[in-house]
Each structure stands twice: as structure tokens, then as C-alpha cells.
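Enquirer: what follows is a predicted structure for the sequence shown.
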Amino acid sequence: MSELSMTRLFDAPVERVFDAWLNKSWGAWAGPPGFRGEVLTLEPKVGGRYRIAMFRPDGGSSVVGGVYREIDRPRRLVMSWQWEGDPNDTLITLDFRAVGDKTQISLKHEGFATADGRDNHQSGWVATLDKLAAHLGG
């Protein structure tokens with residue numbers, strides 16, 4: 001099994017960055033450039049589910065979803081992550097840390113069946129975090 005980790009600093013308070021992962025704005029910044037996200041299900045509580053449709057520029061779509069495993073506002077968020085139709089269920093751990101009036105996120109995504117799956121998600125997460133930074137700045 002393979003995993004990826006990355007750290008990113010955001011120019012926004014920790015509570016605002018944390019809450020972005022638990023509200024419908026998630027659809028506005030999820031996915032690579034050119035993709036449009038739409039939150040289909042959002043139950044922001046431990047044991048609650050989420051589902052997000054990601055619409056590609058070519059008109060196709062994919063749906064990802066999971067279950068919130070841990071919500072410790074504003075420090076930690078743990079959730080499963082699984083693309084519909086893919087048997088591989090992975091796990092995302094997000095740790096949030098205030099750095100003055102900014103927020104550092106440490107993201108760990110683990111349980112990939114292949115290195116290709118990990119690498120595809122690496123570029124997707126970089127793009128998603130770029131879009132989140134733009135969303136928080138607006």
C-alpha cells in the first residue's frame with residue numbers, strides 16, 4: 001500500500017480553513033483545474049457521509065465519497081475516500097495548525113493500491129489545495 005503526504009500554508013484563520021472541508025463550498029474548490037465539483041451529500045459529523053460529483057471539462061463525471069471518522073475542530077479531520085466503482089477505500093488525515101493568522105494543513109492520504117493511484121491523487125491534491133487557497137482569499 002502506498003501513501004502521499006504534503007503540507008500547505010493558507011492565508012486564512014484555522015477555523016475558516018477547517019470549516020471549508022465541512023460545508024458545501026467544498027464543491028467550489030474540489031478537483032483539478034477545469035473540473036467543477038458539486039456536493040451531493042454532506043453530513044459533517046463522525047459517522048456522517050459525504051459525496052462529491054466532479055465534472056470534467058469533457059462533460060464526463062466521477063463521484064467520490066466517504067465517511068467522516070474523526071472531527072476535532074479546528075485541529076484534525078479524518079475521513080475515508082473512495083471513488084464510486086473503485087473497490088479501493090483510502091483514508092485521508094488532515095491536521096490543521098494555526099501559524100499566526102495563517103493555517104498550515106498537513107495532508108496524509110494512505111491506502112492506495114498502486115503507485116499510479118497515489119501519483120494521480122498527488123497532482124489532484126496539489127490542484128485542489130491551490131483552488132482552496134484561491135477560494136479562501138476571495
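Expert: Received it, and whenever you're ready, just let me know what you need. Small disclaimer: the values here were computed from a predicted structure and weren't measured.

Enquirer: alpha carbons only for contacts and neighbour counts from here, please
Expert: Noted.

Enquirer: show me what the lowest-mean-pLDDT helix or strand in the chain is packed against.
Expert: Lowest mean confidence among the helices and strands of the chain (mean pLDDT, DSSP states H and E): helix 26-29, at a mean of 90. Helix 26-29 is packed against strand 36-42, helix 115-137, with contacts defined by 3 or more C-alpha pairs under 8 Å, 6 or more residues apart in numbering; DSSP states H and E.

Enquirer: which residues touch it?
Expert: Outside helix 26-29, the residues that touch it by C-alpha atoms under 8 Å, 6 or more residues apart in numbering are 20, 36-39, 52, 128-129, 131-132, 135.

Enquirer: most remote residue from the middle of this protein, which is it?
Expert: Computed with C-alpha atoms, centre = their mean, the residue of the chain farthest from its C-alpha average is G100, at 23.3 Å.

Enquirer: just put the helices and strands packed on helix 26-29 in a markdown table and tack on mean neighbour count, distance to G48 and mean pLDDT.
Expert: As requested, the helices and strands packed on helix 26-29 are exported to a markdown table (neighbours: other C-alpha atoms under 10 Å; distance: least, C-alpha to C-alpha, whole Å; pLDDT from 0 to 100):
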| stretch | mean neighbour count | distance to G48 | mean pLDDT |
| --- | --- | --- | --- |
| strand 36-42 | 18 | 8 | 95 |
| helix 115-137 | 16 | 22 | 92 |
